[in-house]
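[1] What would the 3D arrangement of this be:
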Amino acid sequence: MKEIFKQLEGMRNYIIELQTEMTALPAVSPHIEGGLGEHAKAEYLEKELKKLKADEIKHLDCPDKKAKNGFRPNIAAKFYGSDKTKTLWLLCHMDVVSPGDIKMWKTDPFKAVVKGDKIYGRGTEDNQQAIVSALMLVKVLRTRGGKPPINLGLLFVSDEELHSEYGLEFICKKHKNIFNKKDFFLVQDCGDEKGAGAEIAEKNVLRLKITTYGKECHGAMPANGNNAMRAGMWFGTLTDGELHKKFNKKDKMFVPQESTFEPTMKEANVPNINIIPGKDIFYWDCRYLPCYKYERIMDVIKACARKTEERFKVKVDIGVIENASSVPTDRNAPVVKLFSAAVKEVGDASVFLYGVGGSTLACFLRNLGLDAVACGKNFDTLHAPNEYSSIKNTVYGAKIAAYILFNAK
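    Model prediction:
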């Protein structure tokens, strides 16, 4: 193990090479304006996998009319171990978010810039750092010869930044037979600066589109219409109060500890300031504790909609954009114990188990009855201007995976 760790520590140039190549291949979703998708990055990574002599490479591509060639790429590679019945899967996503306001960047977001331990560029931390850690481990295995105790699997997926509809969700629906109940799953796509956190649970996610229908008219003659925006605002305030009042439990496992119910995006309604809107649309993002049921949450929201309709004589439509939940990973699962031991060995720290309000790739695996740990050592620069990855953190991620691979039974 010490020899492997030493080899990983000496791979600075390889880290920079991989980050430089991938950053120059913008993998923004084709469902976002200007997005080119993951094809170029997938082609590059497949070449790297072939250089490393992967024992298996499978394409699990998902149809998508908006994407290049009509599909989104997903790649599963295996490097055989002595026991071929078990695999340590390292899950990474190829897509990145858009750079946002270019003026906020000090460097070109799609050109990797190295400054000491940091590599700047869009996607360098989210999720290229994990991709590089995975490839580093494979390169060490190949240079040393021999086989690890179990298989090492690398799964590079598309579409994580939106809904995973064309990525891991698709794989779990159509190609779940590539996984085995004995497998171990590591998703290095979240974490903390010490790399000691093991995310093993997630809040339920509910995203809603609220549409209020009234009657449009001139702003000087409001009696001739029915202001959909006023009704929508009242509905939002009422619902906000009811949700926070009735679902107010806290759970120390999660960060934050309570359920969150947040009105977010607002669509434009009328083109001029002197027009009373007859239609108003806004969105709601809810992350609620697993102790609550979806049906109970919706009952409260629907009751608020009925009160709004009665009071303002409008119609309120509640559209469910996303309704996702996942079972937690057992805190005594083998992968959790292995990760805890790895953190103690590599980071000289004690692991802490926690849950999050956001969703990670791990949720799709957990819903298949597969135990997964989401983790990582990072500085949380993802999605922000001047995103950067740490070379030291990349080495740390590779060491964690190496420890688990060679200590798995």
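
[2] Do I have it right that Lys392 meets Asp117?
    Yes. Between Lys392 and Asp117 there is a contact at 5.5 Å, judged by C-beta atoms under 8 Å. Every C-beta, even on glycine, is put in place using the N, C-alpha and C of the backbone.

[3] any idea which residue sits dead centre in the protein?
    Centroid-nearest residue in the chain: Thr360, 4.2 Å away (criterion: C-alpha atoms, centre = their mean).

[4] Isn't it up against Val187?
    Yes. If you go by C-beta under 8 Å, Thr360 and Val187 touch, sitting 5.8 Å apart.

[5] so what sits against both of these two?
    Shared contacts of Thr360 and Val187 (C-beta atoms under 8 Å, 6 or more residues apart in numbering): Ala374.

[6] by contact count, what packs against the helix-or-strand element of the chain with minimal mean pLDDT?
    Here the helix or strand of the chain ranked lowest by mean pLDDT, DSSP states H and E is strand 254-255, holding a mean of 89. With contacts taken as 3 or more C-beta pairs under 8 Å, 6 or more residues apart in numbering; DSSP states H and E, strand 254-255 sits against strand 352-356.

[7] one step back: show me how far the least confident helix or strand of the chain is from its chain's centre.
    Between the centre of strand 254-255 and the centre of its chain there are 16 Å (C-alpha atoms, centre = their mean, to the nearest Å).

[8] Same question for the next helix or strand after that strand: list its buried residues.
    The C-terminal neighbour of strand 254-255 among helices and strands, as given by DSSP states H and E, is strand 260-266. Across strand 260-266, burial judged by 16 or more other C-beta atoms under 10 Å covers Thr260, Phe261, Pro263.

[9] Next: stretch 11-23.
    For stretch 11-23, a neighbour-count test (16+ other C-beta under 10 Å) marks Met11, Tyr14, Ile15, Ile16, Leu18, Gln19, Thr20, Glu21, Met22, Thr23 as buried.

[10] Likewise for stretch 64-73?
    Asp64, Ala67, Phe71, Arg72, Pro73.

[11] Quick check: the second one touching Gly37?
    Spelled out, it's Ala67. Yes. In this structure, Ala67 is within contact of Gly37 by C-beta under 8 Å, at 4.9 Å.

[12] Residues that sit against both of these two, list them.
    In contact with both Ala67 and Gly37: Pro30, using C-beta under 8 Å, 6+ apart.

[13] did I read that right, Pro328 in a helix?
    No. Counting by DSSP: H, G, I helix; E, B strand; the rest coil, Pro328 is not part of a helix but coil.

[14] Neighbours of it, how many?
    Using other C-beta atoms under 10 Å, Pro328 is surrounded by 18 other residues.

[15] for the residue nearest to it when sequence neighbours are not counted, helix, strand, or coil?
    Distances taken as C-beta to C-beta, 6 or more residues apart in numbering put Ala201 closest to Pro328, at 3.7 Å, once the chain neighbours are dropped. Three-state assignment for Ala201 (three-state DSSP): strand.

[16] Could you export the buried residues of stretch 11-23 as a markdown table, including distance to Pro148?
    Compiled in a markdown table, the buried residues of stretch 11-23 are given as follows (distance: C-beta to C-beta, whole Å):
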| residue | distance to Pro148 |
| --- | --- |
| Met11 | 18 |
| Tyr14 | 19 |
| Ile15 | 21 |
| Ile16 | 26 |
| Leu18 | 21 |
| Gln19 | 25 |
| Thr20 | 28 |
| Glu21 | 26 |
| Met22 | 25 |
| Thr23 | 30 |
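
[17] In helices, which of these appear?
    Tyr14, Ile15, Ile16, Leu18, Gln19, Thr20, Glu21, Met22, Thr23 (DSSP state H).

[18] If I look at the third one, what pLDDT would I see?
    In the prediction, the pLDDT value recorded for Ile16 is 98.

[19] From Asp108, how far off is it?
    The gap separating Ile16 from Asp108 is 16 Å, by C-beta to C-beta, to the nearest Å.

[20] Next: the fourth one.
    According to C-beta to C-beta, Leu18 stands 18 Å off from Asp108.

[21] How about the first one?
    From Tyr14 across to Asp108, the span is 22 Å (C-beta to C-beta).

[22] where are the low-confidence patches of the stretch 51-200 of the chain?
    For the stretch 51-200 of the chain, no stretch has pLDDT under 70.

[23] ranges for the strands of it?
    Taking DSSP state E, counting those that start in this stretch as the test, the strands found in the stretch 51-200 of the chain are 56-59, 62-63, 71-72, 75-79, 83-93, 113-115, 118-120, 150-157, 184-187, 197-202.

[24] Okay, buried residues for the fifth one please.
    By neighbour count on 16+ other C-beta under 10 Å, the buried set for strand 83-93 is Lys86, Thr87, Leu88, Trp89, Leu90, Leu91, Cys92, His93.

[25] Assess the claim that the fourth one and Phe185 are in contact.
    Yes. Under the criterion of C-beta under 8 Å, Trp89 is in contact with Phe185, at a separation of 5.0 Å.

[26] Tell me how this protein divides into domains.
    2-190+360-407, 204-324 (automatic domain parsing).

[27] what about the longest one, distance to the chain center?
    To tie it back to what came earlier, the one meant is domain 2-190+360-407. That offset, for domain 2-190+360-407, works out to 12 Å (C-alpha atoms, centre = their mean).

[28] Offset the numbering so it begins at 27, please.
    New numbering, starting at 27: the last item is domain 28-216+386-433.

[29] So for it, first residue to last residue, what's the gap.
    13 Å (C-alpha to C-alpha, to the nearest Å).

[30] So the residue nearest to the centre of the chain belongs to a helix, correct?
    No. Counting by three-state DSSP, Thr386 is not part of a helix but coil.

[31] So for it, what's the nearest residue that isn't a sequence neighbour?
    Ala400 (4.4 Å).

[32] How about Ile58?
    Ser124 (5.8 Å).

[33] one step back: I'd assumed Ala227 was in contact with the residue nearest to Thr386.
    No. Applying C-beta under 8 Å as the test, Ala400 and Ala227 come out as separate, 9.8 Å apart.

[34] So these two - more neighbours on which side?
    Using other C-beta under 10 Å, the more surrounded residue of Ala400 and Ala227 is Ala400, with 29 against 22.

[35] And the pLDDT at Lys292?
    96.
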